[in-house]
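Engineer: sequence unknown, structure follows:
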């Protein structure tokens with residue numbers, strides 16, 4: 001599998017910055033696969049969401065994959081970057097910092113309800129300058145719906161230790177690799193026990209749990225574009241389609257097909 005060429009794209013500011021009067025505004029952009037929004041931050045919070053397509057968001061030493069019907073809350077001033085994995089209709093919401101729907105500086109993956117999706121579509125169609133009262137009303141509804149939307153993410157935490165970086169970088173490039181932690185220890189020049197301890201200390205996961213998250217993250221764009229689950233399972237090192245589907249359902253509470261359904 002070749003390494004994709006990423007095309008850097010500048011993130012445009014919203015038509016109007018969010019304010020106390022209109023706490024939610026939007027940026028609407030259609031982007032192609034392999035476009036990349038370089039690291040940046042905003043004085044406002046952002047709910048990064050795509051009506052169609054698959055994104056990868058990297059922030060706070062973690063990476064998240066967002067299929068359709070998932071979004072991510074990024075607090076104000078948090079640097080983040082966006083990689084477009086599939087052709088995407090990007091519709092991020094810019095949220096006035098004082099009205100942040102979640103406390104703290106952690107990113108939150110959100111399940112986008114049908115109501116929230118329709119509110120986002122409606123907001124895109126309005127001009128804040130011409131219909132400020134209606135935009136403000138939609139903003140309040142959006143903020144209320146967001147506060148009810150937490151869910152379980154496809155999150156891949158990233159390490160800082162050089163040996164772990166080498167191991168993790170190789171697995172991200174080739175998630176189907178069958179190498180055991182003992183075999184990886186020989187590759188990176190550390191003992192198996194040391195690597196196991198580093199996984200728990202730096203990433204909060206065992207080697208097996210972290211590799212599973214990487215495989216889920218790689219599965220997202222393949223499933224979203226209709227690659228058969230049997231092929232996805234084979235590419236990611238699972239013995240069978242049923243083994244992959246069972247792991248997925250245990251993690252997310254739904255089948256892969258249902259999870260990625262727009």
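Structural biologist: Looks like it arrived, so ask away. Everything numeric in this text was worked out from a predicted model, so none of it was measured. Numbering: from 1, shown residues only.
Engineer: could you list the domains of this protein?
Structural biologist: Domain ranges of the chain: 7-151, 159-259, per automatic domain parsing.
Engineer: can you list these in a markdown table and add mean neighbour count and mean pLDDT?
Structural biologist: From N, CA and C alone the C-beta is placed, and that goes for glycine too. As requested, these are exported to a markdown table (neighbours: other C-beta atoms under 10 Å; pLDDT from 0 to 100):
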| stretch | mean neighbour count | mean pLDDT |
| --- | --- | --- |
| domain 7-151 | 18 | 88 |
| domain 159-259 | 16 | 88 |
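Engineer: can you pull out the strands in the chain?
Structural biologist: For the chain, the strands defined by DSSP state E occupy 7-9, 24-26, 29-31, 35-40, 45-49, 55-59, 62-66, 70-74, 80-84, 88-90, 93-95, 108-111, 154-157.
Engineer: which among the ones you listed is found nearest to residue 141?
Structural biologist: In terms of C-beta to C-beta, the element of the strands of the chain nearest to residue 141 is strand 24-26, at 9.3 Å.
Engineer: still on that earlier bit, and of the strands of the chain, who's closest to residue 227?
Structural biologist: strand 62-66 (14.8 Å).
Engineer: and the closest one, how far from the chain's centre?
Structural biologist: When distances are taken as C-alpha atoms, centre = their mean, to the nearest Å, strand 62-66 is centred 3 Å away from the chain's centroid.
Engineer: who touches that strand?
Structural biologist: Outside strand 62-66, the residues that touch it by C-beta atoms under 8 Å, 6 or more residues apart in numbering are 48-50, 54-58, 72, 85, 107, 109, 153-158, 216-217, 220-221.
Engineer: coming back round to it: in a markdown table: the strands of the chain, plus distance to residue 177.
Structural biologist: A markdown table is the format used below for the strands of the chain (distance: least, C-beta to C-beta, whole Å):
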| stretch | distance to residue 177 |
| --- | --- |
| strand 7-9 | 28 |
| strand 24-26 | 40 |
| strand 29-31 | 30 |
| strand 35-40 | 25 |
| strand 45-49 | 30 |
| strand 55-59 | 20 |
| strand 62-66 | 18 |
| strand 70-74 | 27 |
| strand 80-84 | 21 |
| strand 88-90 | 28 |
| strand 93-95 | 38 |
| strand 108-111 | 26 |
| strand 154-157 | 15 |
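Engineer: ranges for the helices of this protein?
Structural biologist: Taking DSSP state H, the helices of the chain run over residues 114-124, 132-146, 162-173, 181-188, 192-198, 207-224, 229-235, 241-252, 256-259.
Engineer: which one of the ones you listed lies nearest to residue 35?
Structural biologist: Comparing the helices of the chain by their distance to residue 35 (C-beta to C-beta), the top pick is helix 207-224, with 13.6 Å.
Engineer: excluding covalently adjacent residues, which one is nearest to residue 219?
Structural biologist: Spatially, and ignoring its direct neighbours in sequence, residue 219 is nearest to residue 232 (5.3 Å; C-beta to C-beta, 6 or more residues apart in numbering).
Engineer: can you tell me how far that neighbour sits from residue 256?
Structural biologist: Shown here: residue 232 relative to residue 256, a distance of 8 Å by C-beta to C-beta, to the nearest Å.
Engineer: shared neighbours of the two, which are they?
Structural biologist: Residues touching both residue 232 and residue 256 (C-beta under 8 Å, 6+ apart): 219, 223, 244.
Engineer: let me know the closest of those residues to residue 118.
Structural biologist: Minimum distance to residue 118 across those is 24.4 Å, recorded for residue 223 (C-beta to C-beta).
Engineer: for that closest one, what are its contacts?
Structural biologist: 67, 229, 232, 256-257, 259-260.
Engineer: next one: residue 18
Structural biologist: Going by C-beta under 8 Å, 6+ apart, residue 18 touches 24-25, 44, 94-96, 99.
Engineer: show me which of these is closest to residue 36.
Structural biologist: Of all the contacts of residue 18, residue 36 sits closest to residue 94, with 20.2 Å by C-beta to C-beta.
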